[in-house]
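1. Quick one, what's the 3D model for this:
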Amino acid sequence: MQRILSRAARRCTNSSSAFKFPQAQANAISGVHSEEASTCSNEYDSSAWRTRLVRSMQTDIVNALRRGDRQQASLILSNFHHTDGVLTKEDFSYILEYCAKAPDPLFVMETLELMEKKAIGMSKSIYRYIIQALSRGGYAKDALHWLTLVGEKEITHGVLPFFNIFLNACGSTSNLNDVEYCLEKMETYLLGKSEISYCELLKVAVLQGNLSAVHDIWKDCTRYYSTSIITQRKFLRAFTALGDLQSAYHILQHMIALAAQNSDHLRLSYKKRYQSSRLDIPVLALSDLADLKLLLDSSVSSPQGRLATGQYSTDAQPELFQEETQSFENVQPKAYVLPSGGNLAGMVELDCPSKALGCAPVAVKKILIWSFNDIMHACIKLNNCQLAEQIFIEERLKLENMHKLGLRPSKFTYDCFVKTVISGKGVAHAIKVIESMERRGIEPYNDTLAALSIGHSKDLQLDLAEDFLGRISEIRPKHIRAFNALLSGCEIMNEPERAVQILAKMKRVNMKPTLRTYELLFSLFGNVNVPYEEGNVLSHVDVSKRISLIEMDMLNNGIQHSFVSMKNLIRAFGAEGMTEEMLKYLNVAENVLWNMDPYQKSDLYCVVLHALVKARETHKAIRTFKIMRSCNLPANISIYNIMIECCKWLPCYRSASAFLSLMLRDGFCPKVVTFTSLLEVVLAKEDFEGALELLDMCKIEGVQPDIEFFNTILSHAYFRGQIHVVEYIVECIHRATIQPDPSTLWYTFCAYAEHELYNTAIEALQVLSLRMISEDVSILREKGIILEDIILSEEPDAELRIIRTFEAAEEYLATALLNLRWCATMGSTISWSPEESLWARRLASSFDANKRPRIS
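-> Model prediction:
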């Protein structure tokens, strides 16, 4: 390949006919000797026929290449040998043009070989097609070779576009060595750079994630150019892509100033893209070449320059964020232009009346709106609420000022704004924006409604989420995220009935489910009775039918199982107690999901082991654990905790100690859950002394016991009637400043009630309810002033008001208030100082005397 290109290039370089017509055509132009009129007519007809033939052959070659029939294209190209007359460069132009767009560098080389044999000269368009095909086709070294040949010719003032074509290809491959070499050649031939050159370099910098290089390119470009609004938008998008939203906002301000001056006019290209109508005259390279070196820097030792050292950063210049950025309404009376050198931080104020901006062309206003949308969209991706608040403080005024500036916000603008508000301030604040839009007669964008539905689903406000989803006028496939978010909320809130309605709506609107949909369906409908009661034969049959239907629907839609879907399916079988089916699907997952990593397999085994231990299938659990160890799968602390808990069904503390030893050998430190599992093994043998020793060991190891740890001891002490152990553990909870939960209250109250100590039971319930509100006495006294009226209320719906007032996040508070109200009903006086209780004092004095509970 290199030999063919070198020979063709050598022929084109040495030939005196380069950039000239062939000699045969020159003779034809010089004049025709006086011949008979019939001879001239015959020659003209023969030339026209030959031209039509060659054009037809070029079309056949291109059509064959489009079909992928390279053999047919090569055969037709070889027939050029048999054509009458002299071939010219125009006879290959259409072929090379297609190869440049395709790109097809191999056929370009085949065509060049034929042109070399026919001694056909080259033109600038032929050079452009060759360089474009080679550079875009991955033959960068050969493209650089041709660029060198073009640059060494005498006529160099028009070859800069060839170098820009090569830089454009580098924006896709991100080969920094080729970019450096190209820039060196541009400086060697004194070609300078145009705005297109800077834009192509900008693509390379963005692809590398090098924010500092983007700043350098901007500085160098604005030093020599009064950049067009199109070029400024490209820099703005580069800054937003790399997370420098402050610099992007400064450029937006400069774009507004430029639009107000009406100095930039745009036109549509044949591709329906906006272009600047002014000439792009390159800046010639002067004697001071150091100022034009963009990627090479003497301070960087790497041969790849600054682009090689840049890393993705969302805040490469934090000092820009520390400046006081003017809000968007202040852009109306003033605008900013950049001083020499393109320093974004030092901007010069200019008068910019809104009337001048209102007279700007429609295309320029569209560019400004799109740029504004780019910043808002970046705020969504980076969750940068700081800049979003700077731009949209008092949103209503902002949008009014955009109207005054002649910029009518589109629905996409509102969409970006609402999504930014959702990510920064929450859905509640976004609803206010929607209400403001509706008062202005502006209907929300469908994507905006979908985003609001997703936000409400994440907040578990499923009624509102379903309402906004129903307001979408035209549901498209991209809105499946809103359906999946709502299904996820149904899974968390355990509302399978609502999920059925959502699936019915998806079917009505022909919404095709995704893999995420099926993952949620296995979790929603993979069990029947859980968590209310254990599975039975009927529920097992129902679960099998459901899972079969879901899998059949997956197969019909061409969707295969993922790790998450298989994990949810296995968990569903385990929750129903269908251990045989669960183990079968575990084997299926290992055989089908071949791309699972060892940690994902361990996760599946963890789910299986948990279900087996819950179903008391101890032997299957141990056998599964041995299989896992034999496969050298990495264990985690959850698996060891499950296996330690499995030992309570044996019961065998020695086996639990062996699992603990394995856990320590693998480098895992015991956690509070580990001690809780050991505690259940000890208490399975009613060894309360061992349980208290584990409590002491837990403190020695520096592990803080949680309320679940203490409740485990309380539950066994209550069932075994060990009231002294209950009192000791209650005082331990208080000394550890851990707030009790409803289970703590239940075990303590029932322990006294079983021994017919009713007054003590009520007193203990009152004290623990107060501690459940707060362990701080001063906070209790402050809240008591407000809560006492609620507790002692004589209204018939007082209990209902307490439940409705304190939502799920304050469930414990509602439980404590209901308990205190019941104590007051039983005649107990509510005291907001629990330490004054005789029961609390007795427990404290016994604990201070270091008295261990008497175990009967």
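2. Quick check: residue 74 vs residue 567, distance?
-> Distance, residue 74 to residue 567, using CB to CB, to the nearest Å: 54 Å. From N, CA and C alone the C-beta is placed, and that goes for glycine too.
3. Residue 753 now?
-> Distance, residue 753 to residue 567, by CB to CB: 43 Å.
4. Which one of these two is surrounded by more residues?
-> residue 567 (22 against 15; other CB atoms under 10 Å).
5. Just give me how far the helix or strand hosting that one sits from the chain centre.
-> Element membership for residue 567, per DSSP states H and E: helix 563-575. Relative to its chain's centre, helix 563-575 lies at 25 Å (CA atoms, centre = their mean, to the nearest Å).
6. the helices in the stretch 551-700 of the chain, which residues?
-> Assigned by DSSP state H, counting those that start in this stretch, the helices in the stretch 551-700 of the chain fall at 563-575, 579-592, 598-614, 618-630, 637-646, 653-665, 672-684, 688-700.
7. Likewise for the stretch 1-150 of the chain?
-> All helices of the stretch 1-150 of the chain, identified by DSSP H, counting those that start in this stretch, fall at 2-14, 23-30, 37-67, 70-78, 90-101, 105-117, 124-136, 140-151.
8. which of the residues in the fifth one are buried?
-> In terms of neighbour count (16 or more other CB atoms under 10 Å), helix 90-101 has its buried residues at 90, 91, 92, 94, 95, 96, 97, 98, 99, 100.
9. picking that back up, now render the helices of the stretch 551-700 of the chain as TSV, adding mean pLDDT and distance to residue 464.
-> Compiled in TSV, the helices of the stretch 551-700 of the chain are given as follows (pLDDT from 0 to 100; distance: least, CB to CB, whole Å):
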stretch	mean pLDDT	distance to residue 464
helix 563-575	93	26
helix 579-592	92	37
helix 598-614	94	33
helix 618-630	94	44
helix 637-646	94	36
helix 653-665	92	46
helix 672-684	93	37
helix 688-700	91	45
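10. which one of those helices lies closest to residue 813?
-> Residue 813 lies closest to helix 672-684 among the helices of the stretch 551-700 of the chain, at 24.8 Å (CB to CB).
11. what's that closest one in contact with?
-> Helix 672-684 is contacted by residues 637, 640-642, 644-645, 647-649, 651-653, 656, 660, 663, 690-691, 694, 697-698, 703-706, 708-709, 712-713, 716 when judged by CB atoms under 8 Å, 6 or more residues apart in numbering.
12. If any of the residues you listed are buried, put those into a ChimeraX selection.
-> Selection of the buried residues among the contacts of helix 672-684 in ChimeraX, burial being defined by 16+ other CB under 10 Å:
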select :637,640,641,642,644,645,647,648,651,652,653,656,660,663,690,691,694,698,703,705,709,712,713,716
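13. tell me what the helix or strand harbouring residue 250 is packed against?
-> Per DSSP H and E: residue 250 is located in helix 245-260. For helix 245-260, the elements it packs on are helix 229-241, helix 318-322, strand 334-337, helix 354-358, helix 362-382, helix 385-391, judged by 3 or more CB pairs under 8 Å, 6 or more residues apart in numbering; DSSP states H and E.
14. Can you flag the weakest of those by average pLDDT?
-> Lowest mean pLDDT within the helices and strands packed on helix 245-260: helix 318-322, at a mean of 30.
15. For residue 425, give me phi and psi.
-> Main-chain torsions, residue 425, degrees, to the nearest 10: phi -120, psi -10.
16. Tell me the pLDDT of it.
-> The predicted local confidence for residue 425 is 78.
17. so where's the stretch 51-200 of the chain uncertain?
-> 51, 53, 81-85, 153-157, 171-175 (pLDDT under 70).
18. buried residues in the helix or strand residue 726 falls within?
-> Here residue 726 sits within helix 723-735, counting by DSSP H and E. Buried residues in helix 723-735, defined by neighbour count with 16+ other CB under 10 Å: 723, 724, 725, 726, 727, 728, 729, 730, 731, 732, 733, 734.
19. Please name the nearest non-neighbouring residue to residue 655.
-> Of all residues not flanking residue 655 in the chain, residue 647 sits nearest, at 4.6 Å (CB to CB, 6 or more residues apart in numbering).
20. just residue 167 next, same as before
-> The shortest distance from residue 167 to any non-neighbouring residue, by CB to CB, 6+ apart, is to residue 200 (3.7 Å).
21. The one you found reaches residue 164, doesn't it?
-> Yes. With contacts counted by CB atoms under 8 Å, residue 200 reaches residue 164, the gap being 5.7 Å.
22. Quick check: residue 75 vs residue 711, distance?
-> In this view, residue 75 and residue 711 are 85 Å apart by CB to CB.
23. ok, now residue 737?
-> Residue 737 is 16 Å from residue 711, by CB to CB.
24. So the two - more neighbours on which side?
-> Set residue 737 next to residue 711 and count neighbours by other CB under 10 Å: residue 711 wins out with 20 against 9.
25. Tell me who's in contact with that one.
-> 741, 743, 744, 747.
26. Tell me which entries of these lie within strands.
-> Of the contacts of residue 711, none are assigned to strands by DSSP state E.
27. Only whichever of the residues you listed are buried, select them in PyMOL.
-> Buried members of these, defined by 16+ other CB under 10 Å, are picked up in PyMOL with:
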select buried, resi 741+744+747
